[in-house]
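*Asks:* fold the following for me, if possible:
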Amino acid sequence: MRELWMRLWYILSHRAFLWLLLIVNAAGTVYGYIWYGGQLSQTEPLYYIFVPDSPTASLFFCIAIIGWLRGTNYRLIEALALITLVKYGLWADMMNMLTWNERGYLSAQGWMLVASHFAMALQAVLYIPKYNFGAISVIVAAIWTLHNDVIDYVFGQMPMYPSIAQYANEIGYFTFWLSIACILLAFYVSKQRESFAHMRKNS
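*Replies:* Alright, predicted model coming up:
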């Protein structure tokens with residue numbers, strides 16, 4: 001199993017693959033911001049930065065990849081990428097599953113969103129050995145994440161899912177604890193960074 005992981009890690013950390021990953025994530029980020037265009041057109045400018053959650057998460061990851069390609073670590077960005085990619089990747093999949101349950105069907109675009117958001121969360125976890133952030137970065141990223149939850153569920157700026165809008169309170173409660181779980185994951189990763197130093201050095 002370890003040998004299989006090392007072979008996989010050789011591919012994941014190869015510069016050519018990182019460039020490919022950057023291109024794919026950049027394209028997804030642009031698509032994500034366009035997808036939020038309708039909601040942003042009804043949003044006060046004060047809240048613009050807090051509305052497109054998933055594309056901003058993938059933007060963080062794009063910047064992290066650029067750092068790796070340059071041979072450095074943008075530590076705060078990496079902490080933000082890990083927390084928000086896992087959070088919004090899983091969150092969006094849950095919302096689409098709830099929509100499916102409510103409607104009895106899910107559109108082709110919905111299934112595309114399920115697959116792409118699962119990939120968001122998966123890539124964030126697969127690249128854990130690349131992260132080199134500490135507790136301070138996690139704390140700052142946690143403040144951003146929880147503040148975003150407040151903006152979404154106190155000020156009503158959450159992503160629009162009309163079919164399940166009646167469950168906004170329950171979704172807000174779930175989202176808060178999902179944020180806490182992702183923040184705890186990031187703290188765990190920050191404590192393990194020394195154990196990943198050798199792998200980063202050889203990648």
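
*Asks:* quick one: low-confidence ranges for this protein?
*Replies:* Along the chain, the model assigns pLDDT under 70 to residues 194, 197-203.

*Asks:* any idea where the helices of it begin and end?
*Replies:* Ranges of helices within the chain are 2-12, 15-35, 37-40, 53-69, 75-103, 108-126, 135-153, 168-191, 197-202, based on DSSP state H.

*Asks:* which one, of these, ends up nearest to residue 161?
*Replies:* For the helices of the chain, the distance to residue 161 is smallest for helix 75-103, at 5.2 Å, taking C-beta to C-beta. (C-beta placed from N, C-alpha, C; glycine too.)

*Asks:* so what secondary structure elements neighbour that closest one?
*Replies:* Contacting helix 75-103 under the criterion 3 or more C-beta pairs under 8 Å, 6 or more residues apart in numbering; DSSP states H and E are the following elements: helix 53-69, helix 108-126, helix 135-153, helix 168-191.

*Asks:* okay, which residue is most central for the chain?
*Replies:* The C-alpha lying nearest the average C-alpha coordinate of the chain belongs to residue 85 (C-alpha atoms, centre = their mean; 1.1 Å).

*Asks:* mind putting the helices of the chain in JSON lines, distance to residue 162 included?
*Replies:* JSON lines is the format used below for the helices of the chain (distance: least, C-beta to C-beta, whole Å):
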{"stretch": "helix 2-12", "distance to residue 162": "38"}
{"stretch": "helix 15-35", "distance to residue 162": "15"}
{"stretch": "helix 37-40", "distance to residue 162": "11"}
{"stretch": "helix 53-69", "distance to residue 162": "17"}
{"stretch": "helix 75-103", "distance to residue 162": "9"}
{"stretch": "helix 108-126", "distance to residue 162": "13"}
{"stretch": "helix 135-153", "distance to residue 162": "16"}
{"stretch": "helix 168-191", "distance to residue 162": "11"}
{"stretch": "helix 197-202", "distance to residue 162": "44"}
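
*Asks:* so for residue 47, which of those helices sits nearest?
*Replies:* Relative to residue 47, the nearest member of these by C-beta to C-beta is helix 135-153, separated by 6.3 Å.

*Asks:* give me the buried positions along that closest one.
*Replies:* For helix 135-153, the neighbour count (16 or more other C-beta atoms under 10 Å) marks 137-138, 141-142, 144-145, 148-149, 151-153 as buried.

*Asks:* quick one: residue 179 from residue 192, how far?
*Replies:* Counting by C-beta to C-beta, to the nearest Å, the gap between residue 179 and residue 192 amounts to 21 Å.
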